[in-house]
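[1] Predicted model and sequence follow; I will ask about them next.
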Amino acid sequence: MTQKSTLDRLKILADAAKYDASCASSGTSKRDSRGGKGIGSTEGMGICHAYAPDGRCISLLKLLLTNHCVFDCHYCVNRKSSNVERAKFTPQEVADLTLAFYKRNYIEGLFLSSGIIRSSDHTMEMLVEAARILREEHDFRGYIHLKTIPEADPEIVHRAGLYADRVSINVELPTDAGLTRLAPDKNAGQIDGAMAGMKSAIVEAKDAKKRFRHAPKFAPAGQSTQMIVGADAASDADIVTRASSLYTRHRLRRVYYSAFSPIPDASAVLPLKRPPLIREHRLYQSDWLMRFYGFAPHEVAQAAGADGMLPLDIDPKLAWALKFRESFPVDVNRAPKEVLLRVPGLGTRAVGQILMARRHRRLRLEDVAKLTVSVKKVQPFIVTVDWRPVLLTDRADLKALIAPKAEQLELFAA
Amino acid sequence: MTALQHVRLGTYYVVPMASSDDFDEWRDHARRLLMADVPPDRVAWTEPGGSAGDLFSHGDRRLPVPDHDATPPRVSKRFMNIAKTVLLNSDPTRFSLLYRVLWRLQTKPRLIEDMADPDVRAMADMARAVRRDIHKMRAFVRFRVVEEEGGPNESKSEHYVAWFEPFHHILRHNAGFFTRRFANMRWSILTPRGSLHWDGETLREGPPATRADAPGGDPAEDLWRSYYASIFNPARLKVGAMLKEMPRKYWKNMPEAQLIPELIAGAQAREATMVEKGAIDMGERPETLAAIDKAIHACARCPIGELNNAAVMGEGPQDAQRFSGLMIVGEQPGDQEDLAGRPFVGPAGQLLDVHLAQVGIDRSAAYVTNTVKHFKYVQRGKRRLHQSPTAKEIDMCRWWVESERMIVQPRLVLAMGASAARGMLGRTVSITKARGAPIPLEDGSELWVTAHPSYLLRLDGAGREEQERLFRKDLAAVAARLTQLQAS
């Protein structure tokens, strides 16, 4: 069989990589190409070089080294039993492609993952080799994210951390039962162990760096993971709880959620219908609540309904506020930061501006309006010098008053 | 107090700015005006090449001389930081806005923290627009490679040239970013407001350029466009989210953006095809064996059903009383089963019968069936050669064998071969590892796994003897367990 052209293989292997949600290129150590032989820089903030019509940012060249795989995970387009077209790149080809794209300012770096070929160790070796070529032979100083394989030899995985800015291991499914059912070749314990190992390596390297200036860097952008939402029966409360335990136990930088989306040649075990994309959005919002708004995991779970699912029509913060109306209204001129952060419609930026502005003036409703996106949404929950929501928080129809209007279904929609 | 009196008499000043993005120039002028106590509404600032308008047409272009004893104004660092960014905005009112805020800061030093103040707010908005433009330039500049001869060395003969149209005066500000990132590359960025050239060592500023000065296509753009189209997931179209971060105004200089309309147009169709291809609409679950029998004869949901074959239904004792609680599942009907319309009547079936008899299992009291209902084959001359079903075909056909199991309600299922095991479990298991011990099924029954008898037929010599021994051992264990279950 003749080798497919680079263009054809790029199409296949990029297509296969698109189900990994992460494309972040932020949070790594600051460096640039001055004084070196190659190219590349990272300046803290990630850069999205393009956006696809699915609304996702394209920051990294996201590729699979190969989409051949010996595993048979039902939700995965590359599983052994799938009929997708297969292709593979050599580590050298991946490095060349990365450099060609980087020089034209298309990307921030590389996100390399792979199907499992031959053995986990062999596959991991190949991933590390691509990173090594970039770093050592081309002095590439851009961003590298390597997917690591939990089953691979820890020594090889460790080398990945020395070249990469970020490493990730996917937990794939929010519950162990789901993993057993849908990813029969994977083992929850092994994934967990690999994450724990990665965490201690990152912590150790950080510690060494504090004491020895020349200690090698190890995955300075930390580790992340991804969960598929909607392929199994896990509720939002399950997912949020799992995510928070990952944040605390393994010090993950990010947990990504990927709404299960129909894949070509799907396995018959899977639901055919995708979960609403909004569900993924609500999970990200709840993730934000935990990371930036001081919500505890059980508080996010309180925002969910009896079935453990977050409401789809309103955001989780509003859902929480509607459940705990006794905490409102909040006086924007007096309330401490933690309390202001709980007000639906006030983001972290708005809260910061309120805190600053109120040192200079007693805030009126029109002032708050200037600092927020929608004062209408905030109004029922706050008290200002000239505004007090009379009994509003006691009204049974409050949700209907502030929730976004349901869209009228189009009768003649195309 | 001469300067103050001067102003009170109604003198207007016009400050023509020599540069659009030079903060020091603005600061020098502003400091002089402030020290001479000139209120903001008496000053008009003009862009290079701009005019101050009628009101100030008679304004004094010489700035006032500050008093000797006037103290130089002091402002917070915070103001300076925001002001430096605001100055890069292309809004012509930025100079006067900054001066107005600076003026007000003299009496209200912490004004800059009051985000509810309209002037402070306007500054914040302008600064945000500039920061965004700076960021978008870093993101959306697209270099094209031009091969040039006579470079000082091999690697520098490639020249990377970009054409970009910023909305604010950010070109010079962004020079540092590009030199840090592409320190060892020779590049130029051309814009309508000026150009930057880096040769690997020094940065040179050039005059404004036009799009015609920038080079044409680059072969790598085809790769990039393919990447862009492939990484896009048509099952999750969110055009609004894309437009928010990548507004149309940037599209014209991005090679990938020309694909967007067709990607959006094709997306729904692509998702629909995917779902349709994956869809196996099985309808309602049949409630009787007769209904299953009828349905599988009409089933053509996978390609096997479209071959020249007839579905083979499972069979068990007519009299429910006689049912031993054992369900035996094979892979699929073979040539002879297809012709006879009954399971396990060919060579493999005969071998099975011998072994069942040896361990004392009564086949006529068991329910015998297959995972896949049709015979999959390839025609070789007159012979139809058996073909293994794919995992997908098994998964599709599971519906029927599951329906049978729900109706028959066996206490023990014996799956023979990997296909049958997959049909029961939904995943592929290794026979060697799974045999010899029960696997609990959700309905409380248990699954035992063994080799398929046709596997034994393909072996000979010592290998066959060994496998037959293992097979018989599995059957004996099943027989013993069945007796146990019947007794309980």
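    Okay, I see it. Residues are numbered from 1 along each chain as shown, chains lettered A, B, ... in the order given.
[2] Now do stretch A:84-94: distance to the chain's middle.
    25 Å (C-alpha atoms, centre = their mean, to the nearest Å).
[3] Repeat that for stretch A:322-340.
    29 Å.
[4] correct me, but B:Q486 touches B:G325?
    Yes. Shown here, B:Q486 and B:G325 form a contact pair, counting by C-beta atoms under 8 Å, at 6.4 Å. From N, CA and C alone the C-beta is placed, and that goes for glycine too.
[5] Overlap in contacts, those two.
    Residues touching both B:Q486 and B:G325 by C-beta atoms under 8 Å, 6 or more residues apart in numbering or on different chains: B:R411.
[6] Would you map the strands across the stretch 1-150 of chain A?
    A:50-51, A:57-58, A:60-64, A:109-113, A:143-147 (DSSP state E, counting those that start in this stretch).
[7] ditto for the stretch 101-250 of chain B
    B:143-147, B:158-163, B:186-191, B:194-198, B:203-206.
[8] circling back to that earlier point, dump the strands of the stretch 1-150 of chain A into CSV; add mean pLDDT, distance to A:L127 and mean neighbour count as well.
    What follows is the strands of the stretch 1-150 of chain A, written out as CSV (pLDDT from 0 to 100; distance: least, C-beta to C-beta, whole Å; neighbours: other C-beta atoms under 10 Å in any protein chain shown):
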stretch, mean pLDDT, distance to A:L127, mean neighbour count
strand A:50-51, 94, 24, 26
strand A:57-58, 92, 21, 22
strand A:60-64, 95, 10, 27
strand A:109-113, 95, 6, 27
strand A:143-147, 95, 5, 27
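[9] between the ones you listed, which one is nearest to chain B?
    strand A:50-51 (4.2 Å; C-beta to the nearest C-beta).
[10] is any part of that closest one close to chain B?
    Yes. Strand A:50-51 lies within reach of chain B by C-beta under 8 Å from any C-beta of the partner chain, at A:A50, A:Y51.
[11] sorry, back to before: which of the strands of the stretch 101-250 of chain B sits most buried?
    strand B:186-191 (a mean of 23; mean count of other C-beta atoms under 10 Å in any protein chain shown).
[12] Number of residues surrounding the nearest residue to B:S230 once chain neighbours are set aside?
    Counting by C-beta to C-beta, 6 or more residues apart in numbering or on different chains, B:S230 lies nearest to A:A14, which is 3.9 Å off, once chain neighbours are set aside. Residues contacting A:A14 under the criterion other C-beta atoms under 10 Å in any protein chain shown number 21.
[13] what does A:M356 give?
    17.
[14] Ok, B:N309 next?
    B:N309: 20 surrounding residues under other C-beta under 10 Å.
[15] Could you tell me which residues make contact with it?
    B:P333, B:D338, B:H374, B:F375, B:Y377.
[16] Of those, which is the nearest to chain A?
    B:H374 (16.2 Å).
[17] Tell me where the model's unsure across the stretch 201-350 of chain A.
    Applying pLDDT under 70 to the stretch 201-350 of chain A flags the ranges A:261-274.
[18] ranges for the helices of it?
    For the stretch 201-350 of chain A, helices defined by DSSP state H, counting those that start in this stretch occupy the ranges A:236-250, A:277-292, A:297-303, A:316-323, A:337-340, A:348-357.
[19] What of the stretch 301-450 of chain B?
    Going by DSSP H, counting those that start in this stretch, the stretch 301-450 of chain B shows helices at B:335-340, B:347-359, B:391-408, B:418-425, B:431-434.
[20] re the thing from before, do you know which of the strands of the stretch 101-250 of chain B lies nearest chain A?
    strand B:143-147 (4.6 Å).
[21] Would you mind naming what in the stretch 51-200 of chain B lies close to chain A?
    Counting by C-beta under 8 Å from any C-beta, the residues of the stretch 51-200 of chain B that sit close to chain A are B:110-111, B:113-117, B:121, B:135, B:138-145, B:160, B:162, B:177, B:179-185.
[22] Now the buried members of those residues.
    Buried by 16 or more other C-beta atoms under 10 Å in any protein chain shown: B:111, B:113-117, B:121, B:135, B:138-145, B:160, B:162, B:177, B:179-185, out of these.
[23] so of those, which ones are in helices?
    B:R121, B:H135, B:R138, B:A139, B:F140, B:F177, B:T179, B:R180, B:R181 (DSSP state H).
[24] Redo the residues you listed as TSV? Include pLDDT.
    Shown next, in TSV, are those (pLDDT from 0 to 100):
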residue	pLDDT
B:R121	92
B:H135	95
B:R138	96
B:A139	95
B:F140	96
B:F177	96
B:T179	96
B:R180	95
B:R181	96
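[25] Can you pick out the most distant pair from the residues you listed?
    Spatial extent of these (C-beta to C-beta) is set by the pair B:R121 and B:T179 at 34.5 Å.
[26] Could you report the distance from A:I117 to A:K80?
    11 Å (C-beta to C-beta, to the nearest Å).
[27] which residues do these two both contact?
    With C-beta under 8 Å, 6+ apart as the test, A:I117 and A:K80 both reach A:C69, A:V70.
[28] Now do the residue nearest to A:A130 when sequence neighbours are not counted against A:K209, distance only.
    Among residues not flanking A:A130 along the chain, A:P91 sits closest, at 3.7 Å (C-beta to C-beta, 6+ apart). For A:P91, the distance to A:K209 equals 28 Å [C-beta to C-beta].
[29] what's the answer for B:G217, then?
    45 Å.
[30] Also A:I149?
    Taken as C-beta to C-beta, the span from A:I149 to A:K209 is 26 Å.
[31] Same drill for those two, tell me which one is more crowded.
    A:I149 (23 against 16).
[32] quick one: contacts for that one?
    A:S114, A:I116, A:S120, A:T123, A:M124, A:L127, A:V157, A:I169.
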